[in-house]
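A.B. asks: here are the coordinates; sequence isn't available:
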Ligand code: AMP
Ligand code: ZN
């Protein structure tokens, strides 16, 4: 069934509590936890509890949950007192996606370059 947890998915395991994570916020539809390999002073991942391979696929099937995810990213940034932050959805291995469960990176607490590398 669409959106079902995948046995081989790291983020589905984090949601299930099978892999530990430093959770910062949770809602009915989303989970936010600190990235294990932070690329900025604040680096938090916000993920939907349903499994889709990337953000665009999530948006096509679950527009309401996609809106929840974006709103929740803003709530996390506010909790972390980030005035500016970058919200990143790496999509596809060529763009650096390594976990194929949709997720937003919230990066903040330092200056950012443009264009990104
Ligand atoms: P991406 O490369 O965009 O797919 O992002 C995956 C992110 O997951 C990377 O930034 C990793 O550092 C992060 N990550 C991998 N394993 C864990 C874990 N067990 N807990 C928290 N973050 C993780
Ligand atoms: Zn998953």
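C.D. replies: Thanks, I have it. Since this is a predicted model, take the numbers as computed values, not measurements. Ligands and ions are numbered 1, 2, ... in the order given.
A.B. asks: so where's this protein uncertain?
C.D. replies: Applying pLDDT under 70 to the chain flags no residue at all.
A.B. asks: all helices for it, in order.
C.D. replies: In the chain, the helices defined using DSSP state H lie at 10-16, 55-61, 63-79.
A.B. asks: Which of these has the highest mean neighbour count?
C.D. replies: Comparing the helices of the chain by mean neighbour count (mean count of other Cβ atoms under 10 Å), helix 10-16 ranks first with a mean of 18. No exception for glycine: its C-beta is placed from N, CA and C like everyone else's.
A.B. asks: Who are the packing partners of that one?
C.D. replies: Helix 10-16 makes packing contacts with strand 30-34, strand 42-48 when contacts are defined by 3 or more Cβ pairs under 8 Å, 6 or more residues apart in numbering; DSSP states H and E.
A.B. asks: That one: how far from the chain's middle?
C.D. replies: 12 Å (Cα atoms, centre = their mean, to the nearest Å).
A.B. asks: now do stretch 40-53
C.D. replies: Relative to the centre of its chain, stretch 40-53 is centred 1 Å away, using Cα atoms, centre = their mean.
A.B. asks: now stretch 96-115
C.D. replies: On Cα atoms, centre = their mean, the centre of stretch 96-115 falls 9 Å from that of its chain.
A.B. asks: Stretch 54-64 near ligand 2 anywhere?
C.D. replies: No: under the criterion of Cβ under 5 Å from the ion, ligand 2 is not reached by stretch 54-64; the shortest gap measures 10.9 Å.
A.B. asks: contacting residues around that stretch?
C.D. replies: By Cβ atoms under 8 Å, 6 or more residues apart in numbering, the residues outside stretch 54-64 that reach it are 2-3, 29, 48, 50, 52, 65-66, 69, 89, 91-92, 97, 100, 102-104.
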